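**Q** coords please:
(one chain, ligands or ions: 1)
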Amino acid sequence: MSVQGKEFGRTADGRTVTVYRITNKNGAYVDVLDYGCTLQSICVPNRDGTLTDVCLGYDTVTEYEENDGYLGAFVGRHANRIGKGEFVLNGQAYSLAVNNGPNHLHGGLKGFDKVIWSACVASDRLIFSHTSPDGDEGYPANLMMSVTYCFDDSNTLTLIYDAVSDGDTVVNFTNHCYFNLNGQGTGTATDHLLQVNADAFTENDGDCLPTGKILSVEGTPFDFRTSKPIGRDIGADDENLKNGSGYDHNFVLQGEGLREVAVLSSEKTGIVMTTRTTQPGVQVYTANFLTYRGGKNGTRYSVRDGVCLETQHFPDALHHENFPSVVLKQGEEYHQITQYAFTVKEENEV
Ligand code: GAL
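**A** Numbers count the residues shown, from 1 in each chain. As a prediction, the model looks like this:
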């Protein structure tokens, strides 16, 4: 594995953004920006051996700065929604920016996706670090973080998140990569097959905020325990699907520790992406709000042109005691791992 950095562009206020290419011995590679620790490209072989970019992104810093959607970004301090941007911790009330209807989304107005991180290249990994100051976007305590990327010779991309704080705070990190295993910019991803090891999902209200209810997937369009095309049930007459304008839900993952949680695949290219994580949930998001826009290399993106598998703690966990806690105590070490492993299958292979 080798890592090479070069200038990607400049922010509106003149700061340099660097792109780091992590190449493995097969010539497959991942491009990552220090702006938001953003996964800008993931180029892996299809069943013919041709490198295929399976990650949506942009060619310029300006597009990353100006567009919504969090393409490829590292998200924090708290991924997804916190109801009304309010919470109480140790008896003290905190108020965060409300940037998504009545709620707080993905860390606020300037989340970690909009920060230029310090980069350090070690022999087999790329490590970004950043300290978020006490009061950043309204969150308490100084938070010292590192985000590590590895891309090994078996075409497995590993994301490692570490954090420690000098006071009690909340932490829920994710990555917001939009995958299209047919190749980025080739249109809809609803033909992809998806399998998720989840017997249940968290119910949402009309603002995509969990109600606190955990529902069984049995007999619903949310049953991905056996692989099925994402588009098969996406238009079903189902209140939860309508609330998300498609899939935009947290699935309650079986098991604990680093385990396989989902498999996404394309019949067209044969590319299979196996997701493993230490996290308790995954937000399956079918790019329902990805409005028409330009993408990399002159491509165009629109609604449903990618699928995000955002491994995470459950959204709005601060307001639901039945959800795993997102509180990080002073001095405690936060550590989460997610892997996206790329392999290929032959035509019609199950
Ligand atoms: C997802 C979220 C969606 C939408 C998207 C960003 O994680 O669940 O509702 O906000 O991020 O466009």
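**Q** pretty sure Y20 sits in a strand.
**A** Yes. Y20: assigned to a strand according to DSSP: H, G, I helix; E, B strand; the rest coil.
**Q** so it makes contact with C120?
**A** No. With contact defined as CB atoms under 8 Å, Y20 does not count as touching C120 (10.4 Å). For the C-beta atoms, the positions are set from N, CA and C on the backbone; glycine is no exception.
**Q** higher neighbour count, these two?
**A** A count of neighbours by other CB atoms under 10 Å puts Y20 above the other of Y20 and C120, at 20 against 12.
**Q** for that one, what are its contacts?
**A** 3-5, 31-34, 119, 121, 126 (CB atoms under 8 Å, 6 or more residues apart in numbering).
**Q** which one of those is nearest to K84?
**A** When the contacts of Y20 are compared for distance to K84 (CB to CB), L33 wins out at 31.9 Å.
**Q** may I have the phi/psi pair for that closest one?
**A** Main-chain dihedrals, L33, degrees, to the nearest 10: phi -100, psi 150.
**Q** mind checking pLDDT for D124?
**A** Residue-level confidence at D124 comes out at 84, pLDDT.
**Q** and the residue of the stretch 51-200 of the chain nearest the ligand?
**A** Scanning the stretch 51-200 of the chain for proximity to the ligand using CB to the nearest ligand atom identifies G69 as nearest, at 4.7 Å.
**Q** just checking, that residue touches L290?
**A** Yes. Using CB under 8 Å, G69 is in contact with L290, at 5.7 Å.
**Q** so T62, which of the three states?
**A** Strictly by three-state DSSP, T62 counts as helix.
**Q** and for it, the neighbour number?
**A** As a burial measure, T62 scores 13 neighbours (other CB under 10 Å).
**Q** now, of the contacts of Y20, which are buried?
**A** 3, 31-34, 119, 126 (16 or more other CB atoms under 10 Å).
**Q** among these, which are located in helices?
**A** Residues of the buried ones among the contacts of Y20 located in helices (DSSP state H): none.
**Q** out of these, which is nearest to V61?
**A** Nearest to V61 among these: L33, at 8.1 Å, using CB to CB.
**Q** quick one: contacts for the closest one?
**A** 8, 17-20, 40, 64.
**Q** V284 and T202 touch, don't they?
**A** No. Applying CB under 8 Å, one finds V284 not in contact with T202, separated by 11.4 Å.
**Q** who touches both of those two?
**A** Joint contacts of V284 and T202 (CB under 8 Å, 6+ apart) are H249.
**Q** now do the SS call for N297.
**A** Using three-state DSSP, the structure places N297 in helix.
**Q** and E66, how many neighbours?
**A** Using other CB under 10 Å, the number of residues around E66 comes to 10.
**Q** E239 and the ligand: what is the separation?
**A** According to CB to the nearest ligand atom, to the nearest Å, E239 stands 16 Å off from the ligand.
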